[in-house]
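> can you look at this prediction? I've put the sequence above it.
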Amino acid sequence: MAQKDIEGQSIPPPKKTFKQCDVEVIRNPPYPTKNEIPAPSPKWQNILLYPYKTSDGKCSVAWNLTWSQDGKEIHKYVTGYYLTIRSGPFVTVRRKFSFETTFNNGTILFNYACYGWDDNEEIQPNEGYVFTLLALPINHIKGYPSGSQQIATVPDCRNQLLQNTCYCINNSERDMYKYYDDEDNGESGSADPEIRNTPPSSDTETKPFGVIVIVVIIVLFLLLSIFIVIVWIKQRQRSDCGSKSVLMLVFQAEKSTLHFDISSRIASMLKKYGELEVSFNLWSMSEMEDTFQWFDDNKRCDHIVLVCTPEGKKNCDRPTQDASNDPFMIGLNQFKKEIQRTLWWQSNPKTHSFSCIYFERNPESSIPNIIELYKSNVAFYNLRKDFDKFFYKLTGKHKTAIPEAQLHYIYNTCSKLEFCNNDRNIAHLCKS
């Protein structure tokens with residue numbers, strides 16, 4: 001760990017020395033004694049990735065963490081820092097920084113650029129990280145340390161910084177070998193026949209010429225028929241997707257603004273890049289006087305998308321009077337009615353196709369119980385993994401039709417919602 005005055009000289013790049021990484025690895029939080037006064041919280045400045053070469057010459061990346069705190073606070077209260085780094089629900093790294101020195105007045109900048117140097121700390125693409133920083137003695141509430149927290153996501157292998165890492169190179173080489181193996185296998189059976197000037201055998205001469213012509217014509221006719229059917233099916237799929245109308249519903253009393261933001265962004269993508277006619281209850285909240293009437297006016301569509309969230313599940317499984325008037329609940333009842341009509345073999349079968357989308361990794365935290373009962377009649381999509389399947393199901397287009405920046409927002413927000421759902425200590429980050 002290195003420290004510099006912000007107003008002083010610029011900080012040089014991190015040096016790969018053991019002295020710089022000489023910090024204490026601990027298993028449990030360093031709780032204060034009764035007589036210790038909790039120190040004020042530091043402030044995050046930057047969380048960045050930078051290229052790094054391991055001792056055996058392999059290319060990798062490491063995290064460069066920078067934070068700051070007032071020198072007077074440090075001199076009066078702070079004895080060190082406690083840092084936790086989490087890259088999964090159960091993987092937590094704890095570091096304790098101690099120092100015995102004096103600091104000048106003004107803002108002091110601290111830098112720790114060593115996470116990712118060890119072999120067991122390999123940073124891989126698309127991983128999400130939660131960084132929690134506390135000054136020592138730590139401030140803890142009800143047994144849980146309280147400090148400054150940040151969420152960061154590692155880009156994928158298309159990022160310039162990640163392209164030259166061993167992980168991305170090995171994966172791209174494996175894909176390349178698979179491609180060449182497939183290509184070689186295809187060529188081995190498609191070599192041009194050898195041209196011979198020898199006269200035909202007697203067996204060939206005895207075959208009736210007319211039979212050969214008929215066989216060739218039949219084969220060509222079958223191939224042409226197959227080709228026409230394939231072209232017709234693809235054109236039919238495109239025309240069906242291009243003319244589809246979609247009704248998208250999310251629980252209107254949802255407390256998390258992140259769920260509202262990502263749902264609205266998905267509806268806009270379906271309308272702009274999927275060229276669909278989209279009705280979305282969040283877009284009509286200001287003009288929606290009667291929710292039942294609004295639903296009746298908009299249910300004349302081909303597809304209904306139910307946006308499932310933990311808050312919506314809680315209200316659906318234990319509905320209140322207010323929740324029963326929510327457009328999401330009305331759409332859920334419509335789903336139940338249509339499925340039951342189909343199961344009972346009545347004259348009016350299911351008229352809509354239904355999709356259920358969710359953002360958290362565990363579907364049980366978001367999907368209402370009533371949908372679980374009829375899960376064979378609805379398509380489920382985890383948008384972090386299945387966004388391309390969901391987009392293609394509704395539009396007939398792949399996600400390449402959407403700008404990469406828009407897709408990056410979807411994946412980052414899904415990662416953030418997953419962390420917020422698994423850790424109550426960072427749930428406040430989901431509300432902004």
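Happy to help now that I have it. Just so it is clear, the structure is predicted and the values come from calculations on it, not from any experiment.
> where does pLDDT dip in this structure?
Counting by pLDDT under 70, the ranges of the chain that qualify are 1-22, 88-91, 100-101, 140-146, 172-208, 234-243, 321-322, 341-352, 421-432.
> scan it for its longest helix.
Determined from DSSP state H, the single longest helix within the chain is helix 209-242.
> toward the C-terminus, what is the element adjacent to it?
With elements assigned by DSSP states H and E, the helix or strand that comes after helix 209-242 is strand 245-250.
> can you list the strands that that following strand pairs with?
Applying DSSP bridges, strand 245-250 is found paired with strand 277-280 (parallel), strand 303-307 (parallel).
> just send those strands back as TSV, with mean neighbour count and distance to G71 too.
Placement of C-beta: from N, CA and C, glycine included. Converted to TSV, the strands paired with strand 245-250 look like this (neighbours: other CB atoms under 10 Å; distance: least, CB to CB, whole Å):
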stretch	mean neighbour count	distance to G71
strand 277-280	20	51
strand 303-307	24	49
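> run a quick neighbour tally on P155.
For P155, the neighbour count with other CB atoms under 10 Å is 17.
> do you know how far it is from L49?
8 Å (CB to CB, to the nearest Å).
> before we move on, what about Y392?
Taken as CB to CB, the span from Y392 to L49 is 32 Å.
> got it, and F221?
60 Å.
> who's more crowded, these two?
With neighbours defined as other CB under 10 Å, F221 and L49 compare such that L49 has more, 17 against 10.
> grab the nearest non-local neighbour of the more buried one.
Spatial nearest neighbour of L49, excluding adjacent residues (CB to CB, 6 or more residues apart in numbering): V61 at 4.9 Å.
> if the one you found is in a bridge, with which residues?
Here V61, judged by DSSP bridges, has bridge partners P51.
> tally of neighbours for R300?
Other residues close to R300 by other CB under 10 Å number 11.
> next, count neighbours for C308.
There are 26 residues near C308, going by other CB under 10 Å.
> do the one 10 residues further on as well
R318 is surrounded by 8 other residues when neighbours are defined as other CB under 10 Å.
> do N164 as well
With other CB under 10 Å as criterion, N164 counts 13.
> picking that back up, what touches both of P155 and L49?
Listed as contacting both P155 and L49 by CB atoms under 8 Å, 6 or more residues apart in numbering are L161.
> just the strands in the stretch 51-200 of the chain please.
Using DSSP state E, counting those that start in this stretch, the strands of the stretch 51-200 of the chain run over residues 59-70, 80-86, 92-98, 107-115, 128-136, 140-141, 144-145, 148-153.
> so which of the ones you listed comes closest to L332?
Of all these, strand 128-136 sits nearest to L332, with 30.5 Å by CB to CB.
> next, the angle strand 59-70 makes with that closest one.
Here the directions of strand 128-136 and strand 59-70 differ by 40 degrees (axes from the mean of the first three to the mean of the last three CA atoms, to 10 degrees).
> picking that back up, a markdown table please, covering the strands of the stretch 51-200 of the chain and showing mean neighbour count and distance to M248.
Output for the strands of the stretch 51-200 of the chain, formatted as a markdown table (neighbours: other CB under 10 Å; distance: least, CB to CB, whole Å):
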| stretch | mean neighbour count | distance to M248 |
| --- | --- | --- |
| strand 59-70 | 21 | 38 |
| strand 80-86 | 21 | 33 |
| strand 92-98 | 16 | 37 |
| strand 107-115 | 21 | 40 |
| strand 128-136 | 21 | 26 |
| strand 140-141 | 12 | 39 |
| strand 144-145 | 12 | 37 |
| strand 148-153 | 17 | 26 |
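> which among those strands is found nearest to N35?
Of all those, strand 128-136 comes closest under CB to CB, at 14.1 Å.
> what packs against that closest one?
strand 43-53, strand 59-70, strand 80-86, strand 148-153, helix 404-422 (3 or more CB pairs under 8 Å, 6 or more residues apart in numbering; DSSP states H and E).
> kindly state the domain boundaries assigned to the protein.
2-156, 210-241, 244-431 (automatic domain parsing).
> any idea how far the longest one is from the chain center?
Average the C-alpha atoms of domain 244-431, do the same for its chain, and the two points are 16 Å apart (CA atoms, centre = their mean, to the nearest Å).
> in a markdown table: the helices and strands packed on strand 128-136, plus distance to N298.
Shown next, in a markdown table, are these (distance: least, CB to CB, whole Å):
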| stretch | distance to N298 |
| --- | --- |
| strand 43-53 | 43 |
| strand 59-70 | 47 |
| strand 80-86 | 42 |
| strand 148-153 | 35 |
| helix 404-422 | 24 |
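> partner residues bridging the residue lying closest to T92 once chain neighbours are set aside?
Nearest residue to T92, sequence neighbours excluded (CB to CB, 6+ apart): R86, at 4.8 Å. With DSSP bridges as the criterion, R86 is bridged to T92, V130.
> try the one 10 residues further on
Judged by DSSP bridges, the bridge partners of K96 are E24, Y82.
> ok now do it, which residues does it touch?
Per CB under 8 Å, 6+ apart, neighbours of K96: 23-26, 30, 80-83, 136.
> same thing but at 7 Å, please
By CB atoms under 7 Å, 6 or more residues apart in numbering, the residues touching K96 are 23-24, 26, 30, 80, 82.
> kindly reformat the residues you listed as JSON lines containing distance to E277.
As requested, those are exported to JSON lines (distance: CB to CB, whole Å):
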{"residue": "V23", "distance to E277": "57"}
{"residue": "E24", "distance to E277": "60"}
{"residue": "I26", "distance to E277": "57"}
{"residue": "P30", "distance to E277": "58"}
{"residue": "G80", "distance to E277": "59"}
{"residue": "Y82", "distance to E277": "54"}
